[in-house]
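# here are the coordinates; sequence isn't available:
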């Protein structure tokens, strides 16, 4: 149950309205709230007008932690169930409302900056100007997106470097990333001879550098440098290829250990198929917890990784559900002839991420027994485009197999279980208030 308290309730519009009414009945006028701790991840059931009434200093303290290490597959399964239960449109509304709450909280935190804390940070930063220090104060709270693009462009390069880690700490627009990258470029006299600390502080600013500029980066000197560059930041293929070349300057791919390969992370997507082929199989196997969920990688890369892992598994004599689970989002990138060799009972290990990774060729190569054995969450994660590659027998197997399981919650009971959790949470608020 540890993951459940972090998950947004799966509610359609009418259920969200019911929760909204309950929260306001229990907590009263939003303008008089003194905390949001007791509503946490339910706050997104409130409309924008009500959110605006919450006092700035209260809204500034809101948080809803979604980063649940060790529960990623569980959360993905529940979200797939939710999307199936309430529909993609309602599911999108849930996510959009949460983003709105996050933005409201950020705006409130920026308004709530106090003079004493600003002065303290300015002394630490040694910024060259009051305006630069003020921009760094904003960045300390919400990263580069706390600033307007023009504010970034008007910052001195030295001020940007003084709070580089704050500016790059959170996802930012491409326009802002480019503006910040240009400031770094100017601060380093256009040669991008970055120190380890600077490399590790770039964060999302990395998105703003061109592939040619990345090629001019100083050679990384530590695994920590590589780990900082390898984090998923929605880079282009050209940027990833440039970073892959920097990795090769640091260490030849065939010499990468499993820990080093984990640090390389997303940069693997910038490797050529020939470079992936050179990776040690043992390193790949131990790095699978990281490599298995790479997004938007070239099929040449993901198929090579998946096939090398599959062949290693196959040496044991039998592919098991644990092996399929460990492959995660790589399993759907296996060569079609390998997909067909997975025993039907091993499909029990297929995760939502794994199902989402299935290419048209992989879908077509599935057999009827495999489809019948799909876990319910994986079956519900099948997109309409994926199902369009099913023949009639495959569609029938899906309909009368995992999606017909009598032990699975129905659409109504699934939604009701979530609203039940939300109601319990709300009654927890009520009980807490009565103790005050």
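Perfect, thanks for sending it. Since the structure is predicted, the reported quantities are computational estimates derived from the model, not experimental observations.
# how is the protein divided into domains?
Following automatic domain parsing, one finds the domains of the chain at 4-111, 292-405.
# not counting its neighbours along the chain, what's nearest the residue nearest the centre of the chain?
Centroid-nearest residue in the chain: residue 232, 8.3 Å away (criterion: CA atoms, centre = their mean). Once flanking residues are discounted, residue 232 sits nearest to residue 266: 4.8 Å by CB to CB, 6 or more residues apart in numbering. Backbone N, C-alpha and C define where each C-beta goes, glycine included.
# now the stretch 151-300 of the chain, which segments are flagged as low pLDDT?
For the stretch 151-300 of the chain, applying pLDDT under 70 flags the ranges 190.
# show me the helices in it, by range?
For the stretch 151-300 of the chain, the helices defined by DSSP state H, counting those that start in this stretch cover 157-162, 164-167, 174-187, 196-201, 211-215, 223-230, 237-250, 258-264, 273-278, 281-291, 299-314.
# nearest to residue 152, out of the domains of the chain?
Residue 152 sits nearest to domain 4-111 of all the domains of the chain, at 15.1 Å, using CB to CB.
# quick one: that closest one to chain centroid distance?
Domain 4-111 has its C-alpha centroid displaced from the chain centroid by 18 Å (CA atoms, centre = their mean, to the nearest Å).
# got it, and stretch 265-274?
Here stretch 265-274 is found 19 Å from its chain centre; the criterion is CA atoms, centre = their mean.
# buried sites along that stretch?
The neighbour-count check on stretch 265-274 (16 or more other CB atoms under 10 Å) flags 265-271 as buried.
# ends of it, how far apart?
Its first and final residues considered, stretch 265-274 spans 17 Å by CA to CA, to the nearest Å.
# quick one: the residue nearest to the centre of the chain and residue 267 touch, right?
No. Here residue 232 does not reach residue 267: they are 10.1 Å apart, not a contact under CB atoms under 8 Å.
# would you turn the domains of the chain into TSV with mean neighbour count?
Converted to TSV, those look like this (neighbours: other CB atoms under 10 Å):
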stretch	mean neighbour count
domain 4-111	17
domain 292-405	18
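# okay, those domains in CSV with distance to residue 206 next?
What follows is those, written out as CSV (distance: least, CB to CB, whole Å):
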stretch, distance to residue 206
domain 4-111, 20
domain 292-405, 16
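# which one of those domains lies closest to residue 172?
Comparing the domains of the chain by CB to CB, domain 4-111 comes nearest, at 12.5 Å.
# next up, the contacts around residue 367.
Contact analysis of residue 367 by CB atoms under 8 Å, 6 or more residues apart in numbering lists 340, 344.
# okay, it and residue 391: tell me how far apart.
Residue 367 sits 11 Å away from residue 391 when distances are taken as CB to CB, to the nearest Å.
# how about residue 323: what's its closest non-neighbour residue?
Nearest to residue 323 is residue 313, by CB to CB, 6+ apart, at 4.7 Å.
# the domains of the chain: lowest mean pLDDT?
Per-stretch mean pLDDT for the domains of the chain is lowest at domain 4-111 (a mean of 79).
# where do the helices of the stretch 1-150 of the chain begin and end?
In the stretch 1-150 of the chain, the segments counted as helices under DSSP H, counting those that start in this stretch are 13-27, 48-53, 56-59, 72-86, 88-111, 115-125, 130-142, 149-154.
# can you tell me which helices and strands the first one packs against?
It stands for helix 13-27. helix 88-111, helix 411-435 (3 or more CB pairs under 8 Å, 6 or more residues apart in numbering; DSSP states H and E).
# what do you get for the fourth one?
Judged by 3+ CB pairs under 8 Å, 6+ apart, the packing partners of helix 72-86 are helix 88-111, helix 352-356, helix 376-381, helix 411-435.
# packing partners of the first one?
Right, helix 88-111. Using 3+ CB pairs under 8 Å, 6+ apart: helix 88-111 touches helix 13-27, helix 48-53, helix 56-59, helix 72-86, helix 130-142.
# residues contacting the third one, please?
Here helix 56-59 makes contact (CB under 8 Å, 6+ apart) with 33-36, 51, 104-105, 108, 111-112.
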